[in-house]
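**Student:** what's the 3D shape of this:
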Amino acid sequence: MCGILSVNKVMQDRSRSERCPHKDGWHKSTGLCRMPIEPVEAAKQHGSRAVSQNPYRIMRPAALSQERAMAFSESASEATIRQAAELLLAAEYVTALTGAGISVESGIPPFRGPGGLWTKYGEPPMDGYQRFLQDPQKAWEERLAPTGAGQEIRDTIANAEPNPGHYAFVQLEEMQVLRWLITQNVDNLHRRAGSHNLIEIHGNATLVRCIHCTARFPMAVIDFDVLPPRCLQCTGILKSDTVAFGEPIPGDVLEQCWGAMARCDCMIVAGTSATVTPAAYFPMQVRERGGTLIEVNLYESEITPLCTVSLRGQAGLMLAQLAQAVQELRAARS
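**Tutor:** Numbering: from 1, shown residues only. Below is the predicted model:
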C-alpha cells in the first residue's frame, strides 16, 4: 500500500499562492508556562500569564498510568498503518502536532543535533527578545546580515518545497478527518502545501509582526532600507514573527491551541518528541482525557510511552500511507 500517488495529486492541485494569516482583533494577553509538567488545568492557568520565558524549553513528560497498545517496529507495517487509520476514523475530533522531523525531509536543518543550526552557529541568547526591545535596529542588522544563521535560514526556506508529509495533512483536512494542525515549525511549508486550519505556535519566518498592534505582513512587502522596519498600520516597530527566546507566545495562539485540545480525542504527533513547552502539554491533555495518540517518527522519543500506535519511518512516507489508508477504509465502509 502506498499513498504517495494520492498525495502527489494533492501536490499538483494545490495553489502555491501565499496567504497572509493576519487577523484583526488579536488579544494582547500573552503567556508561556515555566512550570514543570502538571495537571492540564493548572498548565492552562500558567500558560495564560505573560512571563519572560524561553518558549523552547525542553520538558520530559512522564508516562501516564493507562493501558496502551504499543504497535511499532523499525518500519511500520501495513497492519500498523491500518490500525492508525482506524483510530482516526473512529475519533470525533482529530488534531495534529508537527515538529522539525517533518521538515528535515524538505531540506530544512534542525536546530539541535548533527548539522543543526545551533550546533553550527551557537544557540541564540536566552534574552533575545529583551535585546530586541532594547535595540531593535541592531537586532535587525544582525538578522539581515549576509552571512550566519539568519541568512542560512532564509536561503534554506526559500529553496525548500513541501514534501508528501505536508500534503498528507492537506489530504486529511480535505477529507474532514483533521480538524486542526499545530506546528512548531516556522518554515511556512504547511501553509504553502495548502493547510488552512493551521496554528503556527512558534510563528512564521516569512512574516513580520508589529510589537504594538500585532499586525502581520509578508517580509516581501516591507522596506528594510531603514531599520527597524515600521508597521504599515500603526507605524510601530516590526520584528520577525518567529517567537524569540524570552518572548511570550501570543495569547490568541495559545487560546486556539487550548480550544482545539479541549475537544481533541485523537492526535497525530509527527516529527517531534513533544517535549518543548507549551506544546508538550497538548498530547498529555489528550491522554489524560482518554484520547489516543498516533506517533510518526523515525525513532522512539520521550512521548512514545504515551502513544497508542507508533509508526516508525520517514514522516513523509508514513503520513502519505496513513492518509491513503484512511481514504481506502472510508471508501470501503461507504
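
**Student:** Okay, helices next: where are they in the protein?
**Tutor:** 4-13, 40-47, 78-90, 100-104, 117-121, 128-134, 136-143, 149-159, 164-174, 189-193, 251-263, 281-288, 315-333 (DSSP state H).

**Student:** how long is stretch 236-249 from one end to the other?
**Tutor:** 19 Å (CA to CA, to the nearest Å).

**Student:** re earlier: turn the helices of the chain into CSV, columns for distance to E295.
**Tutor:** Glycine gets a C-beta too; all of them are placed from N, C-alpha and C. Listed next are the helices of the chain as CSV, based on distance: least, CB to CB, whole Å:
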stretch, distance to E295
helix 4-13, 20
helix 40-47, 20
helix 78-90, 9
helix 100-104, 11
helix 117-121, 24
helix 128-134, 31
helix 136-143, 34
helix 149-159, 26
helix 164-174, 14
helix 189-193, 19
helix 251-263, 17
helix 281-288, 9
helix 315-333, 10
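
**Student:** Quick one, which of the ones you listed gets closest to L227.
**Tutor:** For L227, the closest of these is helix 136-143, at 4.5 Å, according to CB to CB.

**Student:** Report the backbone C-alpha coordinates of that closest one in PDB.
**Tutor:** The C-alpha trace of helix 136-143 is given here as PDB (Å, rounded to 0.1, in the frame of the first residue of the first chain):
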ATOM      1  CA  PRO A 136      15.700  46.800  17.600                       C
ATOM      2  CA  GLN A 137      17.900  48.400  14.900                       C
ATOM      3  CA  LYS A 138      20.900  46.300  16.000                       C
ATOM      4  CA  ALA A 139      18.800  43.200  16.200                       C
ATOM      5  CA  TRP A 140      17.600  43.700  12.700                       C
ATOM      6  CA  GLU A 141      21.100  44.400  11.400                       C
ATOM      7  CA  GLU A 142      22.300  41.100  12.900                       C
ATOM      8  CA  ARG A 143      19.300  39.200  11.500                       C
END
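
**Student:** Renumber starting at 21 from here on
**Tutor:** With the count now opening at 21, the last piece we talked about shows up as helix 156-163.

**Student:** what mean pLDDT does it have?
**Tutor:** The average pLDDT for helix 156-163 rounds to 95.

**Student:** ok, now stretch 309-317?
**Tutor:** Per-residue scores along stretch 309-317 average to 97.

**Student:** C-alpha coordinates for it, PDB please?
**Tutor:** C-alpha atoms of stretch 309-317 as PDB (Å, rounded to 0.1, in the frame of the first residue of the first chain):
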ATOM      1  CA  ARG A 309      -8.900  12.800  28.800                       C
ATOM      2  CA  GLY A 310      -8.800   9.300  27.500                       C
ATOM      3  CA  GLY A 311      -7.900  10.100  23.900                       C
ATOM      4  CA  THR A 312      -5.400   8.300  21.600                       C
ATOM      5  CA  LEU A 313      -2.000   9.400  20.300                       C
ATOM      6  CA  ILE A 314      -0.500   8.300  17.000                       C
ATOM      7  CA  GLU A 315       3.200   8.900  16.800                       C
ATOM      8  CA  VAL A 316       5.000   9.300  13.400                       C
ATOM      9  CA  ASN A 317       8.800   9.300  13.900                       C
END
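
**Student:** So for it, what gets flagged as buried?
**Tutor:** Within stretch 309-317, the residues that count as buried by 16 or more other CB atoms under 10 Å are 311-317.

**Student:** One more: stretch 342-354?
**Tutor:** For stretch 342-354, a neighbour-count test (16+ other CB under 10 Å) marks 342-347 as buried.

**Student:** Looking at the residues you listed, point me to the pair that's furthest apart.
**Tutor:** L342 and Q347 (9.8 Å).

**Student:** hmm, who's touching stretch 239-258?
**Tutor:** By CB atoms under 8 Å, 6 or more residues apart in numbering, the residues outside stretch 239-258 that reach it are 156-157, 159-161, 164, 226-233, 235, 237, 259.

**Student:** thinking again about what came up before, deepest-packed of the helices of the chain, please.
**Tutor:** The highest mean neighbour count among those, using mean count of other CB atoms under 10 Å, belongs to helix 184-194: a mean of 26.
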